[in-house]
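A.B. asks: only geometry, no sequence info:
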């Protein structure tokens, strides 16, 4: 995930729903139950961990049985301690009591609950970057110290790798046309971190690295699922076993789900966005601009995909009366700066969502040099009566403004090339008149038309017109 490219906006569910999801996660609910279970007889070690003889009681309190019961209870206790649900009263005696934050889970606001959950998430993410217990035991020297060099483990690199994977998963989820709510195959996620973008066919060495990364992620996502970050289907363990049934194995390879599938939950999207914001990245959410002015809306949605821009605009309009909203949008669309054409395009798109209640605002700007053209378009599209025809000068100005906006939004797109070809074909004297248009973007638009038009003769006309326009503007 690039740090320079703006992230698409994420659609979050309400904080109340997210808080309910957080309380229902297996890990946080267990941590809360242990915090309530702890009493005067509960004892912890020097690091705050439950002493060994307390673990069976903790497991019983959680209704856990089996070989993993004690380890699961120990993990839940560590989360309770890290999140402030339980506090150490006397370090020497090893006594504990319910923490101040425990009450937040029942009487706090949704933001309070989510704050506790985010702390739990950080604890689990830190654990997910640590080698498993067997590896740590193997790395112990005679004095009980862990020899990190024998593990081939770099804590900082491991944390960065997991952050990168989660960043890619977030981007795949929020991008228009991306995974959305669909699960992502684990091999694809691993490959996104290993395979260079410019590599055609991966080498055997790269494929082996992808396989190793996939198995690391399998272990890590198993840890991250109980905190509610992801829904995870682990790697099918039978894939690890040797088999002589080659034809059956070949057939099974077509089922990519056997290699693991992962999906961010709504709570996971919230959590990763919070971490991105904490790290200083811009991670917008749909609705961020709803209480801001029209200028912020038109500028802020400039980099949004179409669906997200529409959703953001709908939320903005829902908080305002149609007529007042239309007037505010039109006022924000004025200007001769480089971003003004794109603002006017977004203004036009926003006004398309407003009904005839906004008609007076559009009629008020019919004589405005910058807004009169789009006002006529809106009134005509809404079937309004008595719409005055635009002057030729207004038609040309609106054409230049529209192409300037398209250039800012999409660059040299195929759609824009088609528009350019159509204009030159329908209006034989277009360039002879266009260079005179009093619009700041006229020279740049004509230069772009010269680049985009496939006919060399027409392209030359456009470039000559651009030169005249620039000379006229003193450039």
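C.D. replies: On my side now, so go ahead. Values in this document were obtained by computation on a predicted structure and should not be read as measured data. Numbers count the residues shown, from 1 in each chain.
A.B. asks: just the strands in the stretch 51-200 of the chain please.
C.D. replies: In the stretch 51-200 of the chain, the strands defined using DSSP state E, counting those that start in this stretch lie at 86-90, 95-98, 184-185.
A.B. asks: Out of the ones you listed, the one nearest residue 400 is which?
C.D. replies: strand 184-185 (43.6 Å; CB to CB). Heads up, the C-betas are built off the backbone N, CA and C, glycines and all.
A.B. asks: ok, the closest one: who's next to it in the sheet?
C.D. replies: Applying DSSP bridges to the sheet, strand 184-185 is found paired with strand 261-264 (antiparallel).
A.B. asks: Tell me, please, the helix or strand in the chain that averages the lowest pLDDT.
C.D. replies: Lowest on mean pLDDT, DSSP states H and E among the helices and strands of the chain sits helix 246-252, with a mean of 43.
A.B. asks: Is it correct that residue 62 is in contact with residue 75?
C.D. replies: No: in this structure, residue 62 is not within contact of residue 75 by CB atoms under 8 Å, at 10.6 Å.
A.B. asks: any low-confidence regions in the stretch 201-350 of the chain?
C.D. replies: The model of the stretch 201-350 of the chain has pLDDT under 70 over residues 240-254.
A.B. asks: change it to 80
C.D. replies: Where the stretch 201-350 of the chain drops to pLDDT under 80, the residues are 201-202, 239-255.
A.B. asks: so where do the helices sit in it?
C.D. replies: Per DSSP state H, counting those that start in this stretch, the stretch 201-350 of the chain carries helices over the ranges 204-224, 246-252, 266-278, 294-300, 306-318, 322-333, 340-351.
A.B. asks: and the next element down the chain from the last one?
C.D. replies: Elements were assigned by DSSP states H and E; along the chain past helix 340-351, the next helix or strand is helix 359-363.
A.B. asks: Quick check: buried residues in that following helix?
C.D. replies: 359, 361, 362 (16 or more other CB atoms under 10 Å).
A.B. asks: Packing partners of that helix?
C.D. replies: helix 322-333, helix 372-381 (3 or more CB pairs under 8 Å, 6 or more residues apart in numbering; DSSP states H and E).
A.B. asks: Show me how far stretch 66-74 is from its chain's centre.
C.D. replies: 35 Å (CA atoms, centre = their mean, to the nearest Å).
A.B. asks: OK, contacts around the residue nearest to residue 374 when sequence neighbours are not counted?
C.D. replies: The shortest distance from residue 374 to any non-neighbouring residue, by CB to CB, 6 or more residues apart in numbering, is to residue 348 (4.9 Å). Neighbour list for residue 348: 374, 377, 378 [criterion: CB atoms under 8 Å, 6 or more residues apart in numbering].
A.B. asks: is it true that the last one touches residue 349?
C.D. replies: What that stands for is residue 378. No: using CB under 8 Å, residue 378 makes no contact with residue 349, being 10.8 Å away.
A.B. asks: between these two, who's got more neighbours?
C.D. replies: Neighbour totals were compared for residue 378 and residue 349, and residue 378 leads with 24 against 15 (other CB atoms under 10 Å).
A.B. asks: show me the residues around the more buried one that make contact.
C.D. replies: Contact analysis of residue 378 by CB under 8 Å, 6+ apart lists 348, 351, 352, 362.
A.B. asks: With distance to residue 175 added, can I get the residues you listed in TSV?
C.D. replies: Output for the contacts of residue 378, formatted as TSV (distance: CB to CB, whole Å):
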residue	distance to residue 175
348	25
351	27
352	24
362	35
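A.B. asks: ok, which pair from those residues is furthest apart?
C.D. replies: Among the contacts of residue 378, 352 and 362 lie farthest apart (CB to CB), at 11.7 Å.
A.B. asks: for the helices of the stretch 201-350 of the chain, which one sits closest to residue 116?
C.D. replies: Of the helices of the stretch 201-350 of the chain, nearest to residue 116 by CB to CB is helix 266-278, at 12.1 Å.
A.B. asks: tell me the angle that closest one makes with helix 204-224.
C.D. replies: With axes from the mean of the first three to the mean of the last three CA atoms, to 10 degrees defining the directions, helix 266-278 sits at 110 degrees from helix 204-224.
A.B. asks: Centre of the chain to stretch 202-219, how far?
C.D. replies: 25 Å.
A.B. asks: Tell me the buried residues in it?
C.D. replies: Buried residues in stretch 202-219 (16+ other CB under 10 Å): 209, 210, 213, 214, 216, 217, 218.
A.B. asks: can you give me the end-to-end distance of stretch 186-200?
C.D. replies: End-to-end distance of stretch 186-200: 20 Å, with CA to CA, to the nearest Å as the criterion.
A.B. asks: ok, residues contacting that stretch?
C.D. replies: Contacts of stretch 186-200 (CB under 8 Å, 6+ apart): 161, 164-165, 168-169, 202, 206, 209-211, 213-214, 217-218, 221, 235, 256, 259-262.
A.B. asks: quick one: average pLDDT of that stretch?
C.D. replies: On average, the pLDDT along stretch 186-200 is 85.
A.B. asks: buried ones in it?
C.D. replies: 186, 187, 188, 189, 190, 191, 192, 193, 194, 195.
A.B. asks: Same question for stretch 257-267.
C.D. replies: 258, 259, 260, 261, 262, 263, 264, 265, 266, 267.
A.B. asks: Distance from it to the middle of the chain?
C.D. replies: With CA atoms, centre = their mean, you get 16 Å for stretch 257-267.
A.B. asks: List the buried residues of stretch 66-73.
C.D. replies: Neighbour counts over stretch 66-73 (16+ other CB under 10 Å) mark 69, 70, 72, 73 as buried.
A.B. asks: now residue 29, nearest residue through space, not along the chain?
C.D. replies: Taking CB to CB, 6+ apart, and ignoring the residues beside it in sequence, residue 29 has residue 23 as its nearest neighbour in space, at 6.5 Å.
A.B. asks: what's the helix or strand for the one you found?
C.D. replies: Assigned by DSSP H and E, residue 23 falls in helix 15-24.
A.B. asks: Show me what that helix is packed up against.
C.D. replies: Using 3+ CB pairs under 8 Å, 6+ apart: helix 15-24 touches helix 26-37, helix 110-128, helix 266-278.
A.B. asks: Of all the ones you listed, which one is nearest residue 57?
C.D. replies: helix 26-37 (7.9 Å).
A.B. asks: Now do that closest one against helix 110-128, angle only.
C.D. replies: 110 degrees.
A.B. asks: Give me the residues contacting helix 26-37.
C.D. replies: Residues contacting helix 26-37 (CB under 8 Å, 6+ apart): 22-23, 57-58, 61-62, 72-73, 75-77, 79-80, 83, 85-86, 98-99, 102, 105, 116-117, 120, 124, 226-228.
A.B. asks: what about 7 Å?
C.D. replies: Residues outside helix 26-37 that contact it (CB atoms under 7 Å, 6 or more residues apart in numbering): 22-23, 58, 61-62, 76-77, 79-80, 83, 85-86, 98-99, 102, 105, 117, 120, 124, 226-227.
A.B. asks: before we move on, back to that, in CSV: the buried residues of stretch 257-267, plus distance to residue 93.
C.D. replies: Below are the buried residues of stretch 257-267 laid out as CSV (distance: CB to CB, whole Å):
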residue, distance to residue 93
258, 52
259, 50
260, 46
261, 48
262, 44
263, 45
264, 43
265, 40
266, 43
267, 37
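A.B. asks: quick check, nearest of those to residue 6?
C.D. replies: Nearest to residue 6, judged by CB to CB, of these is residue 264 at 19.3 Å.
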